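*Asks:* Model the following, please.
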Amino acid sequence: MMDENFLGKSRQERLDILERAELEAARGDTRTFLITNFKRKSHDLPILRVNISVPKYRLRNGRTLTYQLEYVAKHTVDKDFFSADPENIEAQKAQYEILEKMINEERLLETFQSTQKKNGEIQTEPLVLDHDGFVVNGNRRITAWRKLLSDNPKSYGAFEYIDVVRLPPCEEREIVEYEEAIQVKPDIKSEYAWHCRIGMMRQRQFIDNVDPEVIVNNYKLTDVAELNDQIGYYQLAENWLEQSGKTNEWSEVDQNEQAFKMLYEAKKKRGKKLMPHHEMALEAAAFTLISTPRQDKAGRLFTQIPELGKSLEVIVDKVAEDKGFLDLPEKERFKSFAQFVTIKTNEREEVKEKSQIIFEAIEEAKEELKGEKNASFVEDKVNEAIKCLNQAKRNFKSPKNPSTIVSNMDKILSLTNELRKKVLEDKK
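*Replies:* Numbering: from 1, shown residues only. Below is the predicted model of the structure:
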C-alpha cells in the first residue's frame, strides 16, 4: 500500500507550492515547455521543479474510466466514489492501485529502472498539471516514479523532485478537450484501452451532451456513423459482462474488441431481417463463444462470429434438431436455442461444451452451404442416410428407448416422402 504522504498535498498546500515555484521561475532563466491544443492554441509554459508528493491524480481520467467502474464493482464503495470529491485520499489511493496495475502490465517500471541504471535522462518532458495541481498528463509516469522511490529511496532518489508545468485557470470542459487532443495524438505513449476510449466518447455524448460532430472531430473519426458503430459494440461488451455476472469488470474484455466488433457487424449486415428472436439467438451464441477461455479458442472466435450471422437459421435448426425442439414454431425455436446456448454457471466445462456444440453446428452449416452449390448434394445426402440406416440394421440391439426410435423413424418416413415428392416434381 502506497504511503498517502506520496499521493498529493492538500489543495491549499499545492496552490502555495506551485505559486512559489512560478515566482521563482519568473526570476531566473527558466526552461519552458510548449503545450499545444489547450484552449485551441499553444502555450509556452515555465517548467517548475516540485517534490513528487505535491501533485494529486486527476480522477476524471479517460485512460482509467472503465477501470474505475471495475474498481467500484469489486469494492464496497459508493457509485460516485471517484467523482464525489477529487481530494478524497481513499479515492486517490484507489487511483494509484489502478495505475500501478497498468504500469506493471506495460513494463513501465522496468523502463525507468533501466534508464536509471544507465544514468540516462529520467524525465524527458514535464508532467502537465491543471491550475489546482491535479495531473492531466503523466499519471502513469508519476505512479511509476512514486513506486520506485517508495520501494527503494536510496537507489531512486532522483525521482524525489520532478518537472511539471501548470496550466492556466480554465473550465473542466477545456481540460477534457485537451485530454482528448493528446490521447489521439500518435506518439511513444501506449494507447488507451479500447473500452476506455469509447467510454470517454459515450460520456461526452450522453452525459456532457457534446454534439456528436464535435466528438468525431476531436477523436479523429470518419463520421458520426463510425462513432455510433463504436458505441454499439461497446454496449455489446457491456451486455456480455452483465450476462456473465461481471458487470463493469472491463479488464475481462481488454483483448476482445475485435470479437464484439464482429458481432456488431454481423447484426448490422442482417439489417431489417434481424427480428428480436434472431437477435436474441445470435447474441446468445456469440456471447458463449466469447466466454470460451483463450487457450481453448484455437483461433475459432474471430472467424466463427460472422458465420453465426450468415447462417443463423441453419445453425439454430441443427442444434434444435439435435436437442429435440425442431418442431417448435420459429420464434419459440429461436428462443429455445438462445436459452440452451446461454452459459448458466460460467463453469469451464459448460462453456467448452456449449461452444463446441455451436462450433460444430457452424461447421455443418458451412458444409451444407457448400453442398447446396453442388448438383450432387441431394444424392450424396440420401446415400449417407441409406448408409447410416444399413449400419443401424446390421448392428441392431434391443434399444433402451424403443418409443423414441419409432418416433424418429416416423419423422424419417415423413421427410423421405416430402423429399421424394420434390424430386418427382423437379423431374417433370
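*Asks:* can we go C-alpha only for contacts and neighbour counts from here?
*Replies:* Noted.
*Asks:* which element follows the helix-or-strand element of the chain with minimal mean pLDDT toward the C-terminus?
*Replies:* Here the helix or strand of the chain ranked lowest by mean pLDDT, DSSP states H and E is helix 294-297, holding a mean of 54. Moving toward the C-terminus from helix 294-297, the next helix or strand (DSSP states H and E) is helix 301-310.
*Asks:* pLDDT on that following helix, on average?
*Replies:* For helix 301-310, the mean per-residue pLDDT is 85.
*Asks:* Tell me how far it lies from the chain's centre.
*Replies:* Offset of helix 301-310 from its chain centre (Cα atoms, centre = their mean, to the nearest Å): 18 Å.
*Asks:* which other helices and strands contact it?
*Replies:* helix 257-270, helix 276-291, helix 348-372 (3 or more Cα pairs under 8 Å, 6 or more residues apart in numbering; DSSP states H and E).
*Asks:* averaging pLDDT over each of those helices, which comes out lowest?
*Replies:* helix 348-372 - the lowest mean pLDDT of the helices and strands packed on helix 301-310, at a mean of 86.
*Asks:* residues in contact with that helix?
*Replies:* For helix 348-372, the surrounding residues in contact (Cα atoms under 8 Å, 6 or more residues apart in numbering) are 285, 288-289, 291-293, 296, 304, 307-308, 311, 314-315, 318-319, 341, 343, 377.
*Asks:* Emit the ChimeraX select command for whichever of those residues are buried.
*Replies:* In ChimeraX, selecting the buried portion of the contacts of helix 348-372, with burial taken from 16 or more other Cα atoms under 10 Å, looks like this:
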select :285,288,289,291,292,304,307,308,314,315,318,319,341,343
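*Asks:* Low-confidence bits of this structure, can you list those?
*Replies:* 1, 115-121, 184-191, 294-302, 371-375, 427-428 (pLDDT under 70).
*Asks:* please redo it, this time with the cut-off set to 50
*Replies:* The chain contains residues with pLDDT under 50 at 187-189, 297-298.
*Asks:* can you give me the strands for it?
*Replies:* 32-38, 41-46, 48-51, 56-57, 127-129, 134-137, 161-166 (DSSP state E).
*Asks:* Deepest-packed of the helices and strands packed on helix 301-310, please.
*Replies:* helix 276-291 (a mean of 22; mean count of other Cα atoms under 10 Å).
*Asks:* partners of the nearest residue to residue 125 once chain neighbours are set aside in the sheet?
*Replies:* Distances taken as Cα to Cα, 6 or more residues apart in numbering place residue 163 nearest to residue 125, at 7.5 Å, with adjacent residues excluded. Beta bridges link residue 163 to residue 49, judged by DSSP bridges.
*Asks:* so residue 163 sits right up against residue 45, yeah?
*Replies:* No. Look at residue 163 against residue 45 with Cα atoms under 8 Å: they stay out of range, at 11.8 Å.
*Asks:* what do these two both touch?
*Replies:* The contact lists of residue 163 and residue 45 share no entry, where a contact means Cα under 8 Å, 6+ apart.
*Asks:* thinking again about what came up before, burial count for the residue nearest to residue 125?
*Replies:* Residue 163: 18 surrounding residues under other Cα atoms under 10 Å.
*Asks:* Now do the same contact list for it.
*Replies:* Counting by Cα under 8 Å, 6+ apart, the residues that residue 163 touches are 47-50, 123, 125-127.
*Asks:* Give me the nearest residue to residue 242, chain neighbours excluded.
*Replies:* residue 248 is the one closest to residue 242 (Cα to Cα, 6+ apart), at 7.5 Å.
*Asks:* how about the one you found, phi and psi?
*Replies:* phi 70, psi 10 (degrees, to the nearest 10).
*Asks:* which residues does it contact?
*Replies:* Counting by Cα under 8 Å, 6+ apart, residue 248 has contacts 66, 69-70, 73, 238, 241-242.
*Asks:* cool, residue 337 as well?
*Replies:* Contacts of residue 337 (Cα under 8 Å, 6+ apart): 281, 316, 319-320.
*Asks:* Then residue 48?
*Replies:* So residue 48 contacts 18, 21-22, 25, 163-166 (Cα under 8 Å, 6+ apart).
*Asks:* Look up how far residue 144 lies from it.
*Replies:* The gap separating residue 48 from residue 144 is 20 Å, by Cα to Cα, to the nearest Å.
*Asks:* same deal with residue 71?
*Replies:* 20 Å.
*Asks:* Compare these two (neighbour count), which wins?
*Replies:* residue 144 (25 against 21).
*Asks:* does the more buried one really touch residue 101, like I thought?
*Replies:* No. Between residue 144 and residue 101 there is no contact under Cα under 8 Å: 10.2 Å.
*Asks:* residues contacting the most centrally placed residue in the chain?
*Replies:* When the chain is reduced to its mean C-alpha position, the nearest residue by Cα atoms, centre = their mean turns out to be residue 253, at 4.0 Å. Neighbour list for residue 253: residue 237 [criterion: Cα under 8 Å, 6+ apart].
*Asks:* what do you get if the cut-off is 10 Å, keeping everything else the same?
*Replies:* 193-195, 237-238, 240-241, 259-260, 290 (Cα atoms under 10 Å, 6 or more residues apart in numbering).
*Asks:* sorry, back to before: now render the strands of the chain as TSV, adding distance to residue 264.
*Replies:* Below are the strands of the chain laid out as TSV (distance: least, Cα to Cα, whole Å):
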stretch	distance to residue 264
strand 32-38	34
strand 41-46	38
strand 48-51	48
strand 56-57	35
strand 127-129	38
strand 134-137	33
strand 161-166	43
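*Asks:* any idea how far the closest residue to residue 318 other than its chain neighbours lies from residue 368?
*Replies:* Leaving aside its sequence neighbours, residue 318 sits nearest to residue 361 (Cα to Cα, 6+ apart; 6.2 Å). To residue 368, residue 361 is 10 Å away according to Cα to Cα.
*Asks:* count of neighbours near the nearest residue to residue 260 once chain neighbours are set aside?
*Replies:* Residue nearest to residue 260 in three dimensions, not counting chain neighbours: residue 233, with 5.4 Å by Cα to Cα, 6+ apart. Neighbour count of residue 233, defined by other Cα under 10 Å: 22.
*Asks:* re the thing from before, single out the most deeply packed of the strands of the chain.
*Replies:* strand 56-57 (a mean of 27).
*Asks:* Partner strands of that one, with direction?
*Replies:* Using DSSP bridges, strand 56-57 pairs in its sheet with strand 134-137 (parallel).
*Asks:* quick check: domain ranges of the protein?
*Replies:* 4-171, 255-373, 378-427 (automatic domain parsing).
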